[in-house]
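A.B. asks: Make a model of this:
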Amino acid sequence: MGSLIEYFKKETAKNVLEKAIEHARKVQVCVIELDKGIEILLKEKDIEKSHKIFHKVDLLEGEADNLRRDILADISKGELHPSIRTDLSHLIKRLDDVANCATGVARRIATIPKDFWEQSSSETIDLIAKMMKITVECGEYLDKIVIDLLGERKNVKAYNKQINILEHEVDVLNIQLRQSLQKTEYNVNAFTVFTVGNTFDILEAISDSMEVVADYIMLLLRSANVL
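C.D. replies: Numbering: from 1, shown residues only. Down below sits the predicted model:
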């Protein structure tokens, strides 16, 4: 795996590096826009406006997919050692999982009827909003750790630690959210309840996916004896 780190140092890798950084930033923007849409839905209660933003998340995820395909096409054409191609493919795939989770939430939350949100407590709404804010912060560190991996690799351990801390905070908030939801007697159908539960599972999975990327980067560096 260590050969991937050496590959990043080569001039011939410049095109792939630029696209990888652009891909990481596109993934981050997916999460930021999801946060905006959720805030508008829950705080401003503007369903139409929030749905437009959720659709934007879907489009951004599509752009991230296109970048992923471009990167994979680039590395398939080059005369790379199979281990380099595999490691880079895994890294890009793990990054793409973050965007997939973000668009998964956007698509599902847009289908939840207005009645559910109107019946939700202020505690529930605040917990959802806080989960998203911390997830956005986690995404900022994800962007930093990817750029640092592709650059000087001086702060990878510090960024990884912050991602681990923030991911745990999201886990704790998710438990509190589940408890809060069960305090309310909702008058909604069973499929709405299922959709809500599924949506929050994926929302939590966004930061989980970020942690997976960060831990994989640590694995790459340890394998290269960089850490």
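A.B. asks: Does the spatially most central residue of the chain lie in a helix or a strand, and which?
C.D. replies: The centroid of the chain falls nearest to residue 98 when counting by CA atoms, centre = their mean (3.1 Å). Element membership for residue 98, per DSSP states H and E: helix 82-109.
A.B. asks: Ok, residue 31 next?
C.D. replies: helix 14-39.
A.B. asks: Mind listing what's buried along that helix?
C.D. replies: Buried residues in helix 14-39, counted by 16 or more other CB atoms under 10 Å: 16-17, 19-21, 23-24, 26-39. Heads up, the C-betas are built off the backbone N, CA and C, glycines and all.
A.B. asks: Please state the offset of the next helix or strand after that helix from the chain centre?
C.D. replies: Note on helix 14-39: by DSSP H and E, the next helix or strand toward the C-terminus is helix 47-77. Its chain's C-alpha centre and that of helix 47-77 lie 12 Å apart, by CA atoms, centre = their mean, to the nearest Å.
A.B. asks: So which bits of helix 47-77 are buried?
C.D. replies: Buried residues in helix 47-77, counted by 16+ other CB under 10 Å: 50-51, 53-58, 60-61, 64-65, 67-68, 71-72, 74-75.
A.B. asks: what's the answer for stretch 98-112, then?
C.D. replies: For stretch 98-112, using 16+ other CB under 10 Å, the buried residues are 98-110.
A.B. asks: Same check on stretch 185-202?
C.D. replies: 192, 195, 196, 199, 200, 202.
A.B. asks: what's the worst-scoring helix or strand of the chain on mean pLDDT in contact with?
C.D. replies: Every helix and strand in the chain was compared by mean pLDDT, DSSP states H and E; the lowest is helix 3-8, with a mean of 72. Identification of contacts with helix 3-8 by CB atoms under 8 Å, 6 or more residues apart in numbering yields 13, 17, 80-81, 83-84, 87-88, 149-150, 153, 220-221, 224, 226.
A.B. asks: Sort out which of those are buried, if you could.
C.D. replies: 13, 17, 80, 84, 87, 88, 149, 150, 153, 220, 221, 224.
A.B. asks: Give me the neighbour count for residue 225.
C.D. replies: Per other CB atoms under 10 Å, the neighbour tally for residue 225 reads 8.
A.B. asks: do the same with residue 212
C.D. replies: Count around residue 212 with other CB under 10 Å applied: 17.
A.B. asks: dump the residue contacts of it.
C.D. replies: 94, 97.
A.B. asks: Could you rerun that using 7 Å?
C.D. replies: Counting by CB atoms under 7 Å, 6 or more residues apart in numbering, residue 212 makes contact with residue 94.
A.B. asks: tell me the phi and psi of it?
C.D. replies: phi -60, psi -40 (degrees, to the nearest 10).
A.B. asks: List the residue ranges of this structure that fall below the pLDDT cut-off.
C.D. replies: Along the chain, segments meeting pLDDT under 70 span 1-3, 11-12, 78-79, 226-227.
A.B. asks: if I look at residue 178, how far off is residue 169?
C.D. replies: Using CB to CB, to the nearest Å, residue 178 is found at 15 Å from residue 169.
A.B. asks: in terms of contact, does residue 53 touch residue 39 like I think?
C.D. replies: No: between residue 53 and residue 39 there is no contact, the gap being 9.3 Å when judged by CB atoms under 7 Å.
A.B. asks: Next up, the contacts around residue 141.
C.D. replies: 159, 162, 163.
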